[in-house]
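> one predicted model, sequence on top.
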Amino acid sequence: MINYSMLSDDELARLLQLGDREAYTEIYHRYKRQLYLFAFKRLGDREEVKDIVHEIFLSLWINHESLSLKYSLSTYLHSAVRNKILDILSRKKVSAKYVETFESFKETNEDFTDYPVRYKEMSEIIEKEIDALPPKMRMVFNLSRKHYYTRKQIAEELGLSEETVKSHIQHALKILKAKFGPMLFLIFLTHF
């Protein structure tokens, strides 16, 4: 029996590539707290940070076969978290711009003549975020929201359990809500 807690990160990464769930679990327990603290220092939002860490580990498992480490496992995971933080901060700036424009419009009651342009821009941003979801999650989400498949239909189409489909949809919505904020997320739900 392998004592996974005694294995090096390199050994765990190799086992993970082979689909070893115990290696994945050990990596998760070894790094979840470090990654959480790393992200929390930069964002300060517990729920957002939990989502980031969850998303990183979900992506790690989904893409375990193609895992390619140039440096250490620790560097790989911290870089993934850092990139997610940068994405969130960037999207918050874009979202804030659109919320500010919308608020300004509400206050002045001006004719919003460039609405089609802004709608198109926002649609492109939303599509980009959907495209950034992990591949399997993106497929499930698109079948659910764009093609109106039921969970059962998606499960049959992709060979997944209905619970996995439900989990993918819930997590995708959580990610998108975190990236777009509650107000823009409502707009997103009504138009997509």
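That came through, no problem.

> for the rest of this, base every contact and every neighbour count on C-alpha atoms.
Will do.

> ok, how many other residues are close to the closest residue to residue 143 other than its chain neighbours?
Distances taken as C-alpha to C-alpha, 6 or more residues apart in numbering put residue 149 closest to residue 143, at 5.6 Å, once the chain neighbours are dropped. Burial of residue 149 is recorded as 16 neighbouring residues (other C-alpha atoms under 10 Å).

> then residue 57?
Count around residue 57 with other C-alpha under 10 Å applied: 20.

> in space, what's closest to it - neighbours in sequence excluded?
Nearest to residue 57 is residue 28, by C-alpha to C-alpha, 6+ apart, at 7.0 Å.

> verify the stated contact: the one you found with residue 55.
No - judged on C-alpha atoms under 8 Å, residue 28 makes no contact with residue 55 at a distance of 11.9 Å.

> looking at the two, which is more packed in?
residue 55 (20 against 17).

> got a pLDDT number for the more buried one?
Note on residue 55: pLDDT of 90.

> on that earlier part again, any idea how far the residue nearest to residue 57 is from residue 48?
Residue 28 sits 18 Å away from residue 48, going by C-alpha to C-alpha, to the nearest Å.

> next: residue 69.
In terms of C-alpha to C-alpha, residue 69 sits 26 Å off from residue 48.

> neighbour count: these two, which is higher?
Ranked by neighbour count (other C-alpha under 10 Å), residue 69 and residue 48 place residue 48 first, with 21 against 14.

> what's the closest non-adjacent residue to the more buried one?
Once flanking residues are discounted, residue 48 sits nearest to residue 178: 6.6 Å by C-alpha to C-alpha, 6+ apart.

> neighbours of that neighbour, how many?
19.

> that one is in what secondary structure piece?
Counting by DSSP states H and E, the element that carries residue 178 is helix 162-191.

> and that helix, what's its mean pLDDT?
Rounded mean pLDDT across helix 162-191 is 71.

> likewise for stretch 16-27?
pLDDT averaged over stretch 16-27 gives 92.

> show residues contacting it.
Residues outside stretch 16-27 that contact it (C-alpha atoms under 8 Å, 6 or more residues apart in numbering) are 4-5, 9, 12-13, 15, 61, 64-67.

> could you pull out the buried residues of stretch 66-74?
Using 16 or more other C-alpha atoms under 10 Å as the test for burial, stretch 66-74 gives 67, 73-74.

> again, but for stretch 45-52
Those would be 48-52, for stretch 45-52 by 16+ other C-alpha under 10 Å.

> give the next helix or strand downstream of the helix or strand hosting residue 75.
Applying DSSP H and E as the criterion places residue 75 in helix 73-108. Downstream of helix 73-108, the first helix or strand assigned by DSSP H and E is helix 115-131.

> who are the packing partners of that following helix?
If you count contacts as 3 or more C-alpha pairs under 8 Å, 6 or more residues apart in numbering; DSSP states H and E, helix 115-131 packs onto helix 162-191.

> swap in 10 Å and give it another go.
helix 73-108, helix 135-145, helix 162-191 (3 or more C-alpha pairs under 10 Å, 6 or more residues apart in numbering; DSSP states H and E).
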